[in-house]
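> okay, here's the prediction I keep looking at, along with the sequence it came from:
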Amino acid sequence: MEGPIKLETQNVNFYFGDNLVLKNISIRIPSNRITAIIGPSGCGKSTFLRLFNRMNDVLEGARVEGKVLIDGVDIYNSNIDVAMLRRKVGMVFQKPNPFPTSIFDNVAYGPRIHGLHKGKDLREIVENALRQAALWDEVKDKLHRSALELSGGQQQRLCIARCLAVEPEVLLMDEPASALDPISTLKIEELMQGLKERYTIVIVTHNMQEAARVSDYTGFIYKGELVEFAPTVDIFEHPQNKLTEDYITGRFG
Amino acid sequence: MEVRRSFEIQLQNLQENLIEMGHFVRRMLQKAMQALVEQDTALAEEVIADDDVADAMDINIETKCMRLIALQQPMAKDLRVVGTVIKAIADIERIGDYSVDIAKIAIRLSEEKYFKPLEIISKMAATVDTMIDETLKAFLERDLPLVQKVCNEDDEVDHLYKNLFDELLDYMRKDPELVYQSTYFLFVARYLERCADHIVNVAERVHYMVTGQLLQLAPSHRSTSEE
Ligand SMILES: Nc1ncnc2c1ncn2[C@@H]1O[C@H](COP(=O)(O)OP(=O)(O)O)[C@@H](O)[C@H]1O
Ligand SMILES: [Mg+2]
């Protein structure tokens, strides 16, 4: 795999109680690339994604074995500040979840709680984040209207802007387009291409065509195991593993 | 299994269409050669008429490929099948065109008394005929050793071509009377050599379809076939 590695897991097992959900996963995810994780539902994609911002920690019975590294640092180490970690590793969910406040306040929320705006113009931070999320032109005249008035696709881009406003390094996206119409989906995908210059993006999707369109690398998870991880072109043109091939050619019976 | 039944059927159908077109064009080349050897102008005319059928097959198959890509988004080995078919029909269609060229020469030479039997040309044609048959079989059965065999046979065609070339040049130098026929024979040999190159392209695609690797399996023919 070329280039520097941003995220890495080493022999990670993940349990919900007695249930082994991720099995011995070792992966090296490159910086400033889009990595897609595909697999049938329930295979452990979301759980895998949540390893990197420790969102699994709060779930009942969750237990991690092995190492999860960001920039070579073990993020499950006891001296890790989880709040700082989550600032560095933003997450976008399947259903857009804007706060029921104004568009402006949605984006300003993170910088305010992290004190990022001190000495900086908050308006500038908000505008910058909205521009990166390709939403600025659509909302610049109504920043103080409620975020809930926006369309689903706009709300999702607002959630992306909200993540970006705290200047993260990694963006985790869990089926970010699955609740959106096709045009909004393509807008989010286009947006991701622009974002990878500055961020490392990991996207979970059950839509293989989407993975093929947006990502540089693709990992296929099946029943908690990372079956294959390779450049996206290889996965979709000539996967090495029979299971991967059966899955992406739609022959899972 | 059986999750994408109608898709499977369409993909299967596409492969059968390619085989059918391959054998149709193979038959065109056989008839063109027979027309040349037996100076049978009616048969030559038949080959010329066959070309429209080959062209229609080409367009029909390409349309199906594009439709499958647009509507079914084939992936991995399925994608490689569709990609292989799209490329292969272009090469096969060219063999049909060369058959027509040979048929036209057969018509031109139909009143001539040949100054020598068409031995080497017939041998070339027989090898090309085998190569087409084997390539279609390799495609159908995903037979990589057979692919390699076809690529090796191309060297044989090149070799025959070179021998014939030297021989005919010699005749022409010695006797200007023979230039007319010899020139046409050279053209025919050249067309056959090109047909072999095209069928090797198809064979290389079969290799790609099976392995995902695009290779030049008959590197020797590349250098000799440069214009
Ligand atoms: N909070 C939870 N408590 C217990 N089991 C869970 C929890 N969340 C997910 N699981 C189980 O973990 C497995 C993987 O789930 P998940 O990571 O959500 O899969 P995916 O995102 O691929 O659909 C599933 O078997 C699911 O039932
Ligand atoms: Mg999930």
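Yes, it's here. Ligands and ions are numbered 1, 2, ... in the order given.
> helices of chain A, start to end?
Secondary structure of chain A (DSSP state H): helices at A:45-50, A:82-88, A:103-113, A:122-132, A:136-139, A:152-164, A:182-195, A:208-214, A:232-237, A:242-248.
> same deal with chain B?
B:5-38, B:41-72, B:76-108, B:119-141, B:144-174, B:179-211, B:219-224.
> which positions in chain B make contact with ligand 1?
On the criterion CB under 6 Å from any ligand atom, ligand 1 has no neighbours in chain B. No exception for glycine: its C-beta is placed from N, CA and C like everyone else's.
> residue of chain B nearest ligand 1, please.
In chain B, no residue comes nearer to ligand 1 than residue B:3, which is 19.0 Å away by CB to the nearest ligand atom.
> next, count neighbours for that residue.
The number of residues packed near residue B:3 is 12, by other CB atoms under 10 Å in any protein chain shown.
> could you do residue B:214 as well?
Applying other CB under 10 Å, I find that residue B:214 has 9 neighbouring residues.
> who's in contact with it?
Shown in contact with residue B:214 (CB atoms under 8 Å, 6 or more residues apart in numbering or on different chains): B:204, B:208.
> can you tell me the closest non-neighbouring residue to the residue in the stretch 51-200 of chain A positioned nearest to ligand 1?
Nearest residue of the stretch 51-200 of chain A to ligand 1, counting by CB to the nearest ligand atom: residue A:59, 4.2 Å away. Of all residues not flanking residue A:59 in the chain, residue A:16 sits nearest, at 7.0 Å (CB to CB, 6 or more residues apart in numbering or on different chains).
> would you mind measuring from that neighbour to residue B:116?
85 Å (CB to CB, to the nearest Å).
> same question for residue B:135.
Distance of residue B:135 to residue B:116, given as CB to CB: 31 Å.
> more crowded one of those two?
Neighbour count, other CB under 10 Å: between residue B:135 and residue B:116, residue B:135 has more, with 31 against 13.
> from residue A:182, how far out is the residue nearest to residue B:13 when sequence neighbours are not counted?
Spatial nearest neighbour of residue B:13, chain neighbours left out: residue B:64 (7.6 Å); criterion: CB to CB, 6+ apart. Separation of residue B:64 from residue A:182 (CB to CB) stands at 25 Å.
> go on, residue B:44?
Separation of residue B:44 from residue A:182 (CB to CB): 55 Å.
> okay, these two: which has more neighbours?
For residue B:44 versus residue A:182, the count of surrounding residues by other CB under 10 Å is larger for residue B:44: 27 against 9.
> check contacts around residue B:171.
Residue B:171 neighbours (CB under 8 Å, 6+ apart): B:115-116, B:178, B:182.
> rewinding a little: the helices of chain A: which one's closest to residue B:160?
Of all those, it is helix A:232-237 that lies closest to residue B:160, at 37.4 Å by CB to CB.
> helices or strands next to the closest one in the packing?
Packing partners of helix A:232-237 (3 or more CB pairs under 8 Å, 6 or more residues apart in numbering or on different chains; DSSP states H and E): helix A:208-214, strand A:217-222, helix A:242-248, helix B:76-108.
> number of nearby residues for residue B:67?
Neighbour count of residue B:67, defined by other CB under 10 Å: 12.
> quick check: the most centrally placed residue in chain A vs chain B, distance?
Nearest to the geometric centre of chain A sits residue A:172, at 1.5 Å (CA atoms, centre = their mean). Distance check for residue A:172 against chain B: by CB to the nearest CB, to the nearest Å, it reads 25 Å.
> quick one: pLDDT of the residue in chain B positioned nearest to chain A?
Nearest residue of chain B to chain A, counting by CB to the nearest CB: residue B:212, 2.7 Å away. We have a pLDDT of 92 for residue B:212.
> apart from its chain neighbours, what residue comes closest to the residue in chain A positioned nearest to chain B?
When scored by CB to the nearest CB, chain A has residue A:238 as its residue closest to chain B, at 2.7 Å. In this structure, residue A:238 finds its nearest non-sequential neighbour in residue B:212, 2.7 Å apart by CB to CB, 6+ apart.
> rewinding a little: looking at it, the residue of chain B closest to ligand 1 is touching residue A:249, isn't it?
No - the pair residue B:3 / residue A:249 is not scored as a contact, 9.3 Å apart, by CB atoms under 8 Å.
> what about the residue nearest to residue A:252 when sequence neighbours are not counted, how many residues nearby?
Closest residue to residue A:252 apart from its sequence neighbours, by CB to CB, 6+ apart: residue A:246 at 5.8 Å. The number of residues packed near residue A:246 is 17, by other CB under 10 Å.
> also the one 3 residues further on?
Each residue near residue A:249 was counted by other CB under 10 Å, and the total is 22.
> hang on, it packs against residue B:72?
No - using CB under 8 Å, residue A:249 makes no contact with residue B:72, being 10.3 Å away.
> what touches both of the two?
Residues touching both residue A:249 and residue B:72 (CB under 8 Å, 6+ apart) are residue B:4.
> so for the residue nearest to residue A:178 when sequence neighbours are not counted, what's the pLDDT?
Nearest non-adjacent residue to residue A:178, counting by CB to CB, 6+ apart: residue A:94, 5.4 Å away. As predicted, residue A:94 sits at a pLDDT of 92.
> what sits against residue A:94?
Taking CB under 8 Å, 6+ apart as the criterion, residue A:94 is in contact with A:174-176, A:178-179.
> residues touching the residue of chain B closest to chain A, list them.
By CB under 8 Å, 6+ apart, residue B:212 lies in contact with A:237-238, B:80.
> up against ligand 1, what does the stretch 1-150 of chain A have?
Within the stretch 1-150 of chain A, the positions adjacent to ligand 1 are A:16, A:19, A:21, A:39, A:41-47, A:59-60 by CB under 6 Å from any ligand atom.
> what number of residues lie near the closest residue to residue B:123 other than its chain neighbours?
Residue nearest to residue B:123 in three dimensions, not counting chain neighbours: residue B:160, with 5.9 Å by CB to CB, 6+ apart. Residue B:160 has 21 neighbours, counted by other CB under 10 Å.
> please consider this matter closed, and thank you.
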